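S.K.: Dropping a prediction and its sequence here:
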Amino acid sequence: MVGLASPMLVNCGSLPALPGPLGDVAAAAGGCPEMESGSFADLKFQGGAEVEGKVKGFLEAAFSLDKVITEMEASLIASCGQLGKDLGMGEEELKAEAGGGKGAEKVCTAVSAKVSAMLKANAEAQLAVEVDPPKCYVPIDFMTKCLGDCGSPVTGGKLEASCKGGEIAGKCDAECKGSCAVEAGGSCTGTCKASCEGKCDAGFSGTCGGKCDGKCDGKNSKGTCAGKCEGKCDASASGSCTGTCDGKCSGSCELKAGAKCEGTCSGGCSAEIKEPKCTGDFEPPNVSIDCQLQCTAKGAAEFTCDAPNVRIVAKGKASADAQKLVAALQTTLPAILKIQLGTGKKLAASVAGVAKGAAEMKDVALKAGGKAIACIAVAAEASVSASASIDVNVKASASVGGSVGAGG
């Protein structure tokens, strides 16, 4: 069982690499092609229904996590690719397939080099970048159902007590007592700490990248204010707004407490919160560790993270190229940094849970037979590859942010 507890000893394509008799048993079982398809329903294991349920639950968690990580990389490739396209890069430089993080590494590294080159060519312009970390959400209804199906139902106590390091948020059909966040890119009539496509009332302190109706603390060319606007700012789809936005916000839009919330309400609702989510880790007391690990991994596809609020302003002598770079970064950098600061961290924790679960499955595998040993070994190896892939993706995302000083 050393091979299961230490996945690096297991070769996914050569299961006889498992030590001693276990390798022979796994080889005789014919490997585990089901880990390629994710079809585990027809698998039969020894040891009874409880053992079979534990093995299948672990395999489903490992497969789901691997799929989500591949989708994350595809999303990062698309975001870095869009930034590169906006900056005039060629199609071949931006073409890659998701796989182990290498696709994202290729595209994002090339884009990072392009951004650095543009900044070097416009040395008289400096970019001021502010990044607010994203909020991530764990769907409580999903986790509660999963834990119940796993044989470890959530009983008693308040949901707030199970939400570690965060708070309960969700849909509020009544009065939102806290803050209301509208999804990035949506219609906003509240505080936008990113780019506002519309009118931004900066409240005498906001940074304006559009036309200023008032006093401009900075260069004011043809009505365009590159500094702070003491008045109203028409950011015209490219300005960075730190006040009230009436239009579309590229980041999350915070509405005042007491307003009707069409987005995600946190901090309390005068009625029951619907579709509750935890902004921390959902860890109810008295649930089994293996169920907690499995459900956290299975829930990876259900977890969401907001794009971080990013504010970028060109200072100094900003050429047309520098302004073009600011506009492109303001649009795509939030999605890129979301991997580094949000999604990547959440998935890394889930992968660690699967790896820990693999080490704790040794006794179950012995009861379940050769097929279980083979499949658990493959799933354990997949967790090692998944961990490496996340690391590469996070570094690829960070390379772009780092090129403009927005490393979080």
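M.R.: Here it is on my side, so go on. Since we're looking at a predicted model, the values are computed, not measured.
S.K.: Distance check, the most centrally placed residue in the chain against Val392.
M.R.: Central residue of the chain (C-alpha atoms, centre = their mean): Thr343, 1.9 Å from the mean position. With distances taken as C-beta to C-beta, to the nearest Å, Thr343 is found 14 Å from Val392. For every residue, glycine as well, the C-beta is placed using N, CA and C.
S.K.: which one is Thr332 nearest to, not counting chain neighbours?
M.R.: Leu83 (4.2 Å; C-beta to C-beta, 6 or more residues apart in numbering).
S.K.: which secondary structure element contains that neighbour?
M.R.: Taking DSSP states H and E as the criterion, the element that holds Leu83 is helix 49-86.
S.K.: Can you pull out the low-pLDDT segments for the stretch 201-350 of the chain?
M.R.: For the stretch 201-350 of the chain, the stretches with pLDDT under 70 are 202-210, 217-224, 226-229, 231, 234-243, 250-252, 255-259.
S.K.: quick one: the strands in the stretch 301-408 of the chain?
M.R.: 304-305, 309-316 (DSSP state E, counting those that start in this stretch).
S.K.: and the longest one, what other elements does it pack with?
M.R.: In other words, strand 309-316. Packing partners of strand 309-316 (3 or more C-beta pairs under 8 Å, 6 or more residues apart in numbering; DSSP states H and E): strand 125-132, helix 320-338.
S.K.: and among these, the most buried is which?
M.R.: helix 320-338 (a mean of 22; mean count of other C-beta atoms under 10 Å).
S.K.: That one - contacts with which helices or strands?
M.R.: Checked by 3+ C-beta pairs under 8 Å, 6+ apart, helix 320-338 has helix 49-86, helix 102-121, strand 125-132, strand 309-316, helix 370-403 packed alongside it.
S.K.: Out of these, which is closest to Pro276?
M.R.: Nearest of the helices and strands packed on helix 320-338 to Pro276, taken as C-beta to C-beta: helix 49-86 at 21.5 Å.
S.K.: tell me the angle that closest one makes with helix 370-403.
M.R.: Helix 49-86 runs at 30 degrees relative to helix 370-403, counting by axes from the mean of the first three to the mean of the last three C-alpha atoms, to 10 degrees.
S.K.: and helix 49-86, average pLDDT?
M.R.: Confidence for helix 49-86, expressed as mean pLDDT, is 92.
S.K.: which helices and strands sit right next to that helix?
M.R.: helix 34-37, helix 102-121, helix 289-298, helix 320-338, helix 344-359, helix 362-368, helix 370-403.
S.K.: Who are the packing partners of the last one?
M.R.: The reference is to helix 370-403. Using 3+ C-beta pairs under 8 Å, 6+ apart: helix 370-403 touches helix 2-5, helix 20-28, helix 34-37, helix 49-86, helix 102-121, helix 320-338, helix 344-359, helix 362-368.
S.K.: The longest one to helix 289-298, inter-axis angle?
M.R.: Taking the same axes, to 10 degrees, one finds that helix 49-86 is oriented at 30 degrees with respect to helix 289-298.
S.K.: residues of helix 49-86 that come out buried?
M.R.: 51-52, 54-66, 68-70, 72-86 (16 or more other C-beta atoms under 10 Å).
S.K.: Repeat that for stretch 356-376.
M.R.: For stretch 356-376, by 16+ other C-beta under 10 Å, it's 357-358, 361-362, 364-376.
S.K.: what's the neighbour count on the closest residue to Gly344 other than its chain neighbours?
M.R.: Among residues not flanking Gly344 along the chain, Val394 sits closest, at 4.1 Å (C-beta to C-beta, 6+ apart). By the criterion of other C-beta atoms under 10 Å, Val394 has 22 neighbours.
S.K.: Repeat that for Leu147.
M.R.: Around Leu147 there are 21 residues (other C-beta under 10 Å).
S.K.: name the element it belongs to?
M.R.: helix 140-149.
S.K.: The helices and strands packed on helix 370-403: which one's closest to Asp201?
M.R.: Comparing those under C-beta to C-beta, the one sitting nearest is helix 320-338, at 19.0 Å.
S.K.: Would you mind getting the angle between that closest one and helix 344-359?
M.R.: Per the same axes, to 10 degrees, the angle that helix 320-338 makes with helix 344-359 is 30 degrees.
S.K.: wait, which of the helices and strands packed on strand 309-316 is closest to Ala110?
M.R.: The nearest among these, by C-beta to C-beta, is helix 320-338 at 13.3 Å.
S.K.: one step back: make CSV out of the helices and strands packed on helix 370-403 and add distance to Gly402.
M.R.: Shown next, in CSV, are these (distance: least, C-beta to C-beta, whole Å):
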stretch, distance to Gly402
helix 2-5, 36
helix 20-28, 43
helix 34-37, 36
helix 49-86, 13
helix 102-121, 7
helix 320-338, 10
helix 344-359, 15
helix 362-368, 41
